[in-house]
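Asks: the following comprises the amino acid sequence and a computationally predicted model.
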Amino acid sequence: MSTGPGRLPCPACEDTAAQPLVAMAGVPVMCGVLWGTRAEALGAARGDIELVACTRCSLLRNAAFDEALVDYEGNYDNSLHFSPTFQRYADGLARRLVGRYGLRGGTVVEIGSGKGDFLRALCELGDNRGWGYDPAYTGEQAGADDRVTFVPDYFSHETAAALPARPDLVCARHVLEHMTDPAPLLATVRRAAGPSTVLYLEVPDAAYVLTPPGLWDLIYPHVGYYTATALRHVAVRAGFAPLEVASSFGGQYLWVEARGSDAPAAGPTPEPPADEVEAVLAVASGFADMHRKTVAGWADQLAEAADRGTRMALWGAGTKGATFLNVVPGAADIASVVDVNPRKRGRYVPGTGHEVWSPGDLVAEPPDVVLVMNSLYEDEIRRTLADLGLDDTTVSVV
């Protein structure tokens, strides 16, 4: 049972002072894990979210987070690379990093490498050697050309010791938001890095989470949501010099690029700019009301659709979709859930027990309305529906 905001210190600055934002009780803990049976999905572990904003660095965090509930091993699969839209984004990012930093014939490390798609792209583009670290990795440990090696474990001093050279690039994409304390990991990276090593950190952008479309990214495994101020602060605190901080992927992601340095730290880490923190807190103060109205608005729309006998499908069995299905009253009655990731087909959404369909499965039971969980995929989904002969289906972006 929660005891109020401030119990979990801020992952970025370790401060405990916080501004309460919103509370959500009993949400599925592992919304990125799909289950083999409906019964298992309905019985999936649940936890509470108490979203608060750090009044020192502006990071948003779940003060009620319990690390013991979280397990990333086994069936955790958050790969988005089956979507052409996301693949274009990832390919563009890989090309930019290789080109901007001259990453050719070097050593590349990815922490939280998932199934390895992005790491392989970095290696192929620059003829680099890659090492990927992820406890959830279940494939072959070495790539077909031996250019990429996967370590099914966390990046640590012990596992990093096997690297043949100091890395030219270290990537950690969508890792920090899962950590109650990223400082030890970043300290390990700092020790492994040389003065020319580039660090690339990417996280969900808190600025997007504080908008109506972004609230579906509010999930239990995300301990913290970084603002630009907080992300810059955590990099500097770890001994890196930020080169640039910016958003990407339609404003949904936030990233920082930084370099290590041989110079010793010169005194304490500077305090985050107070004006930047105050600006975030001002926006965050209205989040609870916006969250309540958005959820209630969708509940009303679903109820009206049910009264009309409208058959609905939800496109996207990832975290956004799982959150919508579990948080919005009436969403459990949505007829079908679709995802382009073939590994998800025939598995079940935690909390509601929806079986995941492939897009082609919709032909047998065509929906009247398709709810799209991410606006960036709308055009891709419309093209897919047209290819299936379902171009008369109404598409509604959540």
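Replies: Arrived safely. Residues are numbered from 1 along each chain as shown.
Asks: what ranges of the stretch 101-250 of the chain fall below the confidence cut-off?
Replies: 141-145 (pLDDT under 70).
Asks: mind listing the strands for the stretch 101-250 of the chain?
Replies: In the stretch 101-250 of the chain, the segments counted as strands under DSSP state E, counting those that start in this stretch are 107-111, 129-133, 148-151, 169-173, 198-204, 224-225, 241-248.
Asks: quick one: buried residues of the second one?
Replies: Judged by neighbour count (16 or more other CB atoms under 10 Å), strand 129-133 contains these buried residues: 129-133. Glycine gets a C-beta too; all of them are placed from N, C-alpha and C.
Asks: quick check: angle from it to strand 169-173?
Replies: Strand 129-133 and strand 169-173 are oriented at 30 degrees to each other (axes from the mean of the first three to the mean of the last three CA atoms, to 10 degrees).
Asks: and the contacts of strand 129-133?
Replies: 106-113, 116, 119-120, 122-123, 147-151, 153-155, 159, 162-164, 167 (CB atoms under 8 Å, 6 or more residues apart in numbering).
Asks: hmm, try it at 7 Å
Replies: 107-111, 113, 116, 119, 122-123, 147-151, 153-155, 159, 163 (CB atoms under 7 Å, 6 or more residues apart in numbering).
Asks: sorry, back to before: relative to R96, which of the buried residues of strand 129-133 is nearest.
Replies: The nearest member of the buried residues of strand 129-133 to R96, counting by CB to CB, is G130 at 16.9 Å.
Asks: returning to what we had before: turn the buried residues of strand 129-133 into JSON lines, including distance to A284.
Replies: As requested, these are arranged in JSON lines below (distance: CB to CB, whole Å):
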{"residue": "R129", "distance to A284": "43"}
{"residue": "G130", "distance to A284": "38"}
{"residue": "W131", "distance to A284": "38"}
{"residue": "G132", "distance to A284": "35"}
{"residue": "Y133", "distance to A284": "33"}
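Asks: ok, those vs A25, which is closest?
Replies: For the buried residues of strand 129-133, the nearest to A25 is Y133 (34.2 Å; CB to CB).
Asks: next one: that closest one from P184, what distance?
Replies: Look at Y133 and P184: by CB to CB, to the nearest Å, they are 14 Å apart.
Asks: what's the answer for P135, then?
Replies: In terms of CB to CB, P135 sits 16 Å off from P184.
Asks: neighbour count winner among these two?
Replies: Neighbour tally, P135 and P184, criterion other CB atoms under 10 Å: the higher count belongs to P135, 16 against 12.
Asks: among the contacts of strand 129-133, the buried ones, what's the PyMOL command?
Replies: To isolate the buried members of the contacts of strand 129-133 in PyMOL, using 16+ other CB under 10 Å:
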select buried, resi 107+108+109+110+111+113+116+119+122+123+147+148+149+150+151+155
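Asks: hmm, A303 is touching P329, no?
Replies: No - using CB atoms under 7 Å, A303 is not in contact with P329, being 8.0 Å away.
Asks: and the longest strand for this structure?
Replies: Longest strand in the chain, counting residues (DSSP state E): strand 18-28.
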